[in-house]
Every structure is written in C-alpha cells, then in structure tokens.
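>>> got a sequence here, can you build the structure:
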Amino acid sequence: MSRDISPDVRAIRLFLTEPHPCSYLEDQKAITAFVDPAISIDKNLYSYLSRYGFRRSGRYIYAPRCKDCKACIPARLVVDEFTPNRQQHRCNKRNADLTVSVARSIDEDEHYPLYEQYLSSRHADGDMYPPTMTQYRDFISSLWENSRILEIRLDGKLVAAGVIDILNDGLSAIYTYYSPEHPKRSLGTYMILAELVLSRDMGLPYLYLGYWIERSPKMAYKKNFQPLELLIDDLWVPMN
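Modelled structure (predicted):
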C-alpha cells in the first residue's frame, strides 16, 4: 500500500452551493461544498480528502455542509475484519455463475443501456432521471486516472457495473448500476462483495461506501455490512 504525505489543505478553496432540496430527506434543504475544480487533485490529495468525508461525483470532489443537518455520515468498511453474514453467503452462492473483471475504460455502447435501464426502473423518482448520454458521460464514463470499472457478466452479457476509485488506503465505491431483470440475485449486494474481494486482493484496508443516512431507506443497506466505521467529529469510529 502506498503512503501519502498530508497536503497543505490551506491552499484548497471550497465553493458552497445555495440551499437546494435534499436528495435523501424530503424535509431538508442541502448545501454542498465543492473543491475548486481548478485545483489539480492527484491521488494523494484525493485520498486525504476521502479520509475527511469528501466524495467524488463526476469531475467534482464534494462534501455536505448543511447548516442545520448532520445526517450524512461518511462510512467505510474495514476489509480484513469483514465476515459475510448468512444473507451475503447466500448472495455469493446464488451468483457463483457470474464473472467479475476490472476494466480501465468503459464501452458506452454496452454500458449506457444498462445505466438507462437501471435509472428508469429503480430511480425514476430521483433527480438523475431521466438519464441522458451527456449525463452519463459527465457522471460515469469520464474515469479519472485512478478509476476502474468492475464489470459483472452472466454468460458474457453485462448485468452489473461499478465505478471505483483507488485511494492510498482503500477503494472508494462511486456508483453501481445493474440490470433489474435479476432481482433474486441481489446484484447491488454482490457488487459490494466483489469490491471487498478486490480491496483485499490489493492489500487495501478500507472500502469507502459514501454516506450513511439513518433516516433514508436508500442508505439502509450499508449497515448490513460490518464492521462499518463512521466519521464522527473527524474521527473514524465503529458503528454502534
């Protein structure tokens, strides 16, 4: 595992959005802090920011900075201490016929229809709907130098994909999309299990899962993976 040196964060400018409707809690207004996109963000700086709760979305590095709400809590899995529960064991067994590979680039002709199908079936009520190719390219397919895409196939056909970023101390799970035609396979769960295997194979101690929001059903799945650590007051602590 590579080591990093703490960068001079005083040189980093943050830009705040105006309050806007929260994507996860209907009764809340969100404010987002974005790292100045003019700053060159290398793997070292990106890793440092991730340890303090920042995430990547497309070309931007961001973190919630809501005035009166602290519901978005950064979460990460401790890779070497993870043991699959009974449901996750069954998920692995059900998907033993799938193949997992890692790619450095995305074939949009193959991936975009899967992304479109996923958003249309699972998130038609979200702020990313309706999907467009422009949106997909901005959000997904413009991979960074340290980005990879996990591809999961059934008999050669792409059924799930997950964008990951390789950090100094772990993998960051950016976004997953999968076919709604195989509900019994629990492909979202299987993707996280595949990311855990890759993290372990690469000798990386953590899998960053983004934000856990206790009151959001969309985020409930994350607590099913243990041991989960949460970033509370700039310290990573075990989830109670």
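
>>> the worst-scoring helix or strand of the chain on mean pLDDT: partners in the sheet, and parallel or antiparallel?
When each helix and strand of the chain is scored by mean pLDDT, DSSP states H and E, strand 20-21 comes last, with a mean of 92. Applying DSSP bridges, strand 20-21 is found paired with strand 29-30 (antiparallel).

>>> buried ones in the very next helix or strand once past the partner strand?
Using DSSP states H and E, the helix or strand that follows strand 29-30 in sequence is strand 32-35. Across strand 32-35, burial judged by 16 or more other CB atoms under 10 Å covers 32, 34, 35. (Each C-beta comes from the backbone N, C-alpha and C, glycine too.)

>>> again with stretch 103-117
106, 111, 112, 114, 115, 116, 117.

>>> the last one touches residue 179, doesn't it?
This points to residue 117. Yes - if you go by CB atoms under 8 Å, residue 117 and residue 179 touch, sitting 6.5 Å apart.

>>> sorry, back to before: contact partners of the least confident helix or strand of the chain?
Strand 20-21 has contacts (CB atoms under 8 Å, 6 or more residues apart in numbering) with 29, 30, 31, 32, 127.

>>> what about 10 Å?
With contact meaning CB atoms under 10 Å, 6 or more residues apart in numbering, strand 20-21 is reached by 27, 28, 29, 30, 31, 32, 127.

>>> buried ones among the residues you listed?
Counted by 16+ other CB under 10 Å, those give 28, 30, 31, 32 as buried.

>>> for the second one, which non-adjacent residue is spatially closest?
Read it as residue 30. residue 22 (4.2 Å; CB to CB, 6 or more residues apart in numbering).

>>> which ones are touching that neighbour?
For residue 22, the contacting residues are 28, 29, 30, 31, 64, 66, 69, 71, 72, 127, 213, 216, by CB under 10 Å, 6+ apart.

>>> residue 177 belongs to a strand?
Yes - using DSSP: H, G, I helix; E, B strand; the rest coil, the assignment for residue 177 is a strand.

>>> which residue in the contacts of residue 22 has the weakest pLDDT?
The pLDDT minimum for these sits at residue 127, where the score is 67.

>>> what bits of this protein have low per-residue confidence?
Along the chain, the parts satisfying pLDDT under 70 run over 1-10, 124-127, 129.

>>> please repeat the previous calculation with a cut-off of 90.
1-12, 23-24, 26-27, 40, 67-68, 121-131, 141-142, 216-221, 240 (pLDDT under 90).

>>> surely residue 239 meets residue 74?
No - contact between residue 239 and residue 74 fails when scored by CB atoms under 10 Å: they sit 11.5 Å apart.

>>> what do the two both touch?
With CB under 10 Å, 6+ apart as the test, residue 239 and residue 74 both reach 212, 229, 230, 232.

>>> which helix or strand contains the nearest residue to the first one once chain neighbours are set aside?
Meaning residue 212. The shortest distance from residue 212 to any residue other than its chain neighbours is 4.1 Å, reached at residue 75 (CB to CB, 6+ apart). Taking DSSP H and E as the criterion, residue 75 maps to strand 73-78.

>>> can you check residue 190 too?
Per DSSP H and E, residue 190 falls inside helix 187-201.

>>> if we can go back for a sec, against residue 119, how distant is the residue nearest to residue 30?
As judged by CB to CB, to the nearest Å, residue 22 and residue 119 stand 19 Å apart.

>>> would you list the buried ones among the contacts of strand 20-21 in TSV and tack on distance to residue 190?
Shown next, in TSV, are the buried ones among the contacts of strand 20-21 (distance: CB to CB, whole Å):
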residue	distance to residue 190
28	31
30	30
31	35
32	30
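
>>> show me where this structure has its strands.
Per DSSP state E, the chain carries strands over the ranges 14-16, 20-21, 29-30, 32-35, 55-57, 60-64, 73-78, 99-103, 147-154, 157-166, 170-178, 206-212, 228-232, 235-238.
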